[in-house]
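> A predicted structure for the sequence below; I have some questions about it.
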Amino acid sequence: MSDIQNLTIVDIIEGYKKKTFSVSEIVDSYLERIEKLNPKLNAFITVDSENAKRKALEFDNREITNPLHGVPFGIKDMFLTKGVRTTAASNVLRDYIPAYNATVIDRLETAGAISLGKLNHDAWAHGSSGENSDFGNTLNPWNTEFVPGGSSSGSSASVAASLIPFATGTDTGGSIRLPASFTNTVGLKPTYGLVSRYGVISMASSLDSIGHFSKTVVDSARILNITAGADGYDATLRQAQGEQEDYTVKIGNDIKGLKIGVPKEYVDKGLSSDVKAVFESSLKSLQKLGAEIVDISLPHTDEGIAVYYIVQPSEVSSNLARYDGIRFGNDRSFFGKEAKRRIMLGTFTLSSGYYDAYYKKAMQVRTLIKQDFDEAYKKVDVIVSPVSPTPPWKFGEKMNDPLAMYLSDALTVTINLAGVPGLAVPAGFSPNKLPIGIQFVGPHFSESLLFQVGHAFEQETKFYKDLPKI
Amino acid sequence: MNNTNTQYETVVGMEIHVELSTTTKMFCRCPVPTLTDKPNTRTCPVCLGLPGALPFPNTKAIDSCIQIGLALNCTVNKDSFFERKNYFYPDLAKGFQTSQFLHPFGEKGYLDIKLNGATKRIGITRVHMEEDTGKLSHATVDGKEVSLIDFNRSGVPLVEIVTEPDIRSGEEAKIFLTELQKIIRYLGVSDAAMEKGHMRLEPNISLRPVGQKTLAKYKVEVKNINSFVYVDKAIQFEEKRHKELLDKGKVPVQETRGWNEFKSKTVSQRSKEEAHDYRYFPEPDIPPISVTSEQLSVIRKSIPELPEAKAKRFVTEFGLSEYNAEILTREANLAKYFEEAVAVAKEHNIDGKTVANWIINKKPNIEELLPASLVKIIVEQSTVERFDETKLEETIKQILEKNPTQVADYKAGKIQLLGFFIGQTKQALPNAKDTEQIRNLISKMLE
Amino acid sequence: MKIDVGKVAKLANLTLSPEEEKEFDKQLSDIVGYIEKLNTVDTANVEPTAQVTGLKNRTRNDNFTDDTLSVEDALSGTTKTHNGLFVVEKLVDTTS
């Protein structure tokens, strides 16, 4: 098979229908590409070619009845896959083989998707660059000296490098949107409470959002159609809404008259000139499409990192307590430094004498942050902002200063604290051809609207057609 | 300061864990295990604490907890939530227990008990919902001493009941626990069988000088008690032990001790001495529970008449003595049986008192004898006068002497001849109408 | 804000090397210093948000579904098992 680099889910299904290629041919092509490029990029921790080829053969002879029939995909190694090694990119689970599947994986596979393997990321999803993996760094396909972003480093890099057409991810403080923005891919962080977390290793329970990477916005919506909805096992999910919503319905509608808010706190300070340039150009494109750009304020933006780095490590410290090496995995001495740091920080902020000053206070400020968004959505339909204050940085640049690393989450964490959905889309490049994305942020459960805006912007700017030269 | 003249008052607060008899566990759909299950055959990702697993609370368990709270006269918190109690122990799969701390389902209740003819009120501090841990056992494997863990029990719903330190003796504790067990069984939320571990008891004991209103500056928690009798014994043991120390001017160490039933003493568990910092915080994986007035009203209505109220009603409605009413209300099914029998007996102009006396004195097998059948017997018996026993004996003696062949045949196995003798007796004494009396006497004389 | 790193490590069931203790001592103090900026935010009468969804009463019927793992699956994560039970070092405070 010649060029699979441009293939989207839509293309692949169409190709199967037209019998342009078979499932086995597609799966083999992707596996070949992985074999060729993964040794350098290190996007995959486990490649599951045997199972993939076997499934592909089954699908070759099957009618195309399922929405993701024979579409290959990759799974961030935080998602449990029954019978297939799941590591959380940590030495604690280096050889762990789960006895059950995450809900999302069950749903995607029932829809016909074929997993090609487990993707690298910052261990336990702790990180913004991909440099915290116990399985080595994943490289940015656009320039291998630069980070692909984290924590979903492998997911973003593999879709960018066309090793797979889509990949699952998790976003607790920006872990899908940041790497998407650094790799010219589409990354969706759904509303908290839309997609089941059952079977996904918990990082911070009140913040974890289960999402995915794709090349286009349409693809992203089609995936959400499969993953969204209550499953009876995750009690934080919104109850079943009757018929399953079709998240593609608004795609193709124009955005004339749509009110798009730009929070001044996000653009007033700290943006690099490259990011500023791309963002301003994006606003112009949106205006060209007929949208109205409105200045808004999210007054408690500045407190976001502080709140996040109290709430998140507190929940992390509790969620990682089960890793004691008794029922599975290795003992706690196998935790990497970042995991230990966050466990320590969280244990401290929850401890006796400090709970009120830190955790309780943070939960109160979290209410104010959420209210900021509620207020904003009275004035605008959707919010747009950069995802990162800077373009991708070089490996090692921020590793000696954890606090500096944490501050790179400044534009993403408030979205997780409020629980609202965010869609990161390609928006351009820095002068040295490093991707810079933007994010559309909507009210709770407004994913269809985000896809509408995202698609319009994508088709106007066409950055998704750019491919890294690897 | 050596002072053996100080009079001390025993101060006991009880902590009771009740295992609910729901079908499934607290946060997962695993069946609640039985004692014969093989180890680790009743687990799933949730109760095994596997990566990625999430809790989903059991409605019936929560309703049961609220019922217990209402039955103990608690205020039910309209807004409640679960919290994580964080600590490390091998039988705690997640490294935290999902429990309640700040907003338990029930608070500030009471239970009245009968003590020496008077009523005493024992305060109930709180009633809350939590989950059980796995079970530890110990063995030597390949020459090495190890501990073994079975997670079947992990995640079973537990209701924790904490009393105010209002109990003043082992005897009082026993009475309180008996009453509590009765109520729980009446509610049908747990079998509350001590021998099956459905009810776990931990007294917190201290002594203070009589007259002192404040609590002592220490308290001792005693674990591993599996019967009400042992609670009494353990409290008595501690009373002696504390008094000895206090008389010497020493303060008993604040600690957890284990009851050793074979040696009838408590033993220090020094290694558990450190105070835990549980770092409670609201459980983010479980949204809060909000009980509306309507829901509370439904739950309240589903509570059956409880023993105290039922006993009172038996006294006023049927004229029973308090003592008899208490006996008949010890178990819900006995009370039910009694009332059914009374309803039938009414048609025969037999009053409740008579039925009560019958049941209490003759102890019929209520599993096998229907209430209506019992009443039938009562009716028969009450219309029959018992004949003069001496005269009867004389007459029967004569009949037996007159019929030696039948006597021999009867003794050889023809027991149906009993009927013949009864008939003969009745012929001879037309006024002897109590067939049972005659039968019993004849049988005795034929032995 | 000075953190007692040794005490916190014990609570967290982590064993730190002396280098790690030293490193964390500074890093954690820096981070905690940063997060103390929240002290300046007025939160009088603000309810804490523990559950951003606003959901309540997500409970399920007491019905059995066969989610139970086979004992092999339950034990599959480790080799430290004996007769269907998980094995750990002998625990000190047994009451027998």
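Perfect, I can see it now. Residues are numbered from 1 along each chain as shown, chains lettered A, B, ... in the order given.

> SS state for the residue in chain C positioned nearest to chain A?
Proximity of chain C to chain A (Cβ to the nearest Cβ) peaks at C:Gly77, 2.7 Å away. Quick note: C-beta positions are derived from backbone N, CA and C, even for glycine. Secondary structure, DSSP: H, G, I helix; E, B strand; the rest coil: C:Gly77 is coil.

> so who does the residue in chain A positioned nearest to chain B touch?
For chain A, the residue positioned closest to chain B under Cβ to the nearest Cβ is A:Ala321, at a distance of 2.4 Å. A:Ala321 is in contact with B:Asn86, B:Phe88, B:Lys94, B:Gly95, B:Phe96, C:Asn13, counting by Cβ atoms under 8 Å, 6 or more residues apart in numbering or on different chains.

> now stretch A:301-311: average pLDDT?
Over the span of stretch A:301-311, the pLDDT mean works out to 93.

> any part of the lowest-mean-pLDDT helix or strand in chain C near chain A?
Between all helices and strands in chain C, the lowest mean by mean pLDDT, DSSP states H and E belongs to helix C:18-35, at a mean of 89. Yes - in this structure, helix C:18-35 sits against chain A according to Cβ under 8 Å from any Cβ of the partner chain; the contacting residues are C:Glu20, C:Phe24, C:Gln27, C:Leu28, C:Asp30, C:Ile31, C:Val32, C:Tyr34, C:Ile35.

> pipe those residues into a markdown table and attach distance to A:His300 per row.
Supplementary listing: the residues of helix C:18-35 next to chain A in a markdown table, determined by distance: Cβ to Cβ, whole Å:
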| residue | distance to A:His300 |
| --- | --- |
| C:Glu20 | 34 |
| C:Phe24 | 29 |
| C:Gln27 | 26 |
| C:Leu28 | 24 |
| C:Asp30 | 22 |
| C:Ile31 | 19 |
| C:Val32 | 20 |
| C:Tyr34 | 16 |
| C:Ile35 | 14 |
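
> contacting residues around the single nearest residue of the stretch 1-150 of chain A relative to chain C?
Chain C sits closest to A:Ala99 of the stretch 1-150 of chain A, with a gap of 3.9 Å, by Cβ to the nearest Cβ. A:Ala99 makes contacts with A:Lys82, B:Pro45, B:Leu50, C:Leu69, C:Asp73, C:Ala74, C:Ser76, C:Gly77, as judged by Cβ under 8 Å, 6+ apart.

> filter the residues you listed to the buried ones?
Buried subset of the contacts of A:Ala99 (neighbour count, 16 or more other Cβ atoms under 10 Å in any protein chain shown): B:Pro45, B:Leu50, C:Leu69, C:Asp73, C:Ala74, C:Ser76, C:Gly77.

> among the residues you listed, which two are most distant?
Taking Cβ to Cβ, the two most distant members of these are B:Pro45 and C:Ser76; they sit 11.7 Å apart.

> grab the most central residue of chain C for me.
Of all residues in chain C, the one closest to the mean position by Cα atoms, centre = their mean is C:Ala12, 7.5 Å from it.

> quick check on that residue: phi, psi?
Taking degrees, to the nearest 10, you get phi -90, psi 0 for the backbone angles of C:Ala12.

> quick one on the thing from earlier: sec struct for the residue of chain A closest to chain B, please.
Here A:Ala321 takes the helix state, with states given by three-state DSSP.

> buried ones in the biggest strand by length in chain B, by neighbour count?
Secondary structure of chain B per DSSP state E: the longest strand is strand B:118-131. Neighbour counts using 16+ other Cβ under 10 Å place B:Lys120, B:Ile122, B:Gly123, B:Ile124, B:Thr125, B:Arg126, B:Val127, B:His128, B:Met129, B:Glu130, B:Glu131 of strand B:118-131 among the buried residues.

> of these, closest to chain C?
For chain C, the nearest member of those is B:Met129. The distance, counting by Cβ to the nearest Cβ, is 11.1 Å.

> which residues does the closest one bridge with?
According to DSSP bridges, B:Val159 are recorded as the beta-bridge partners of B:Met129.
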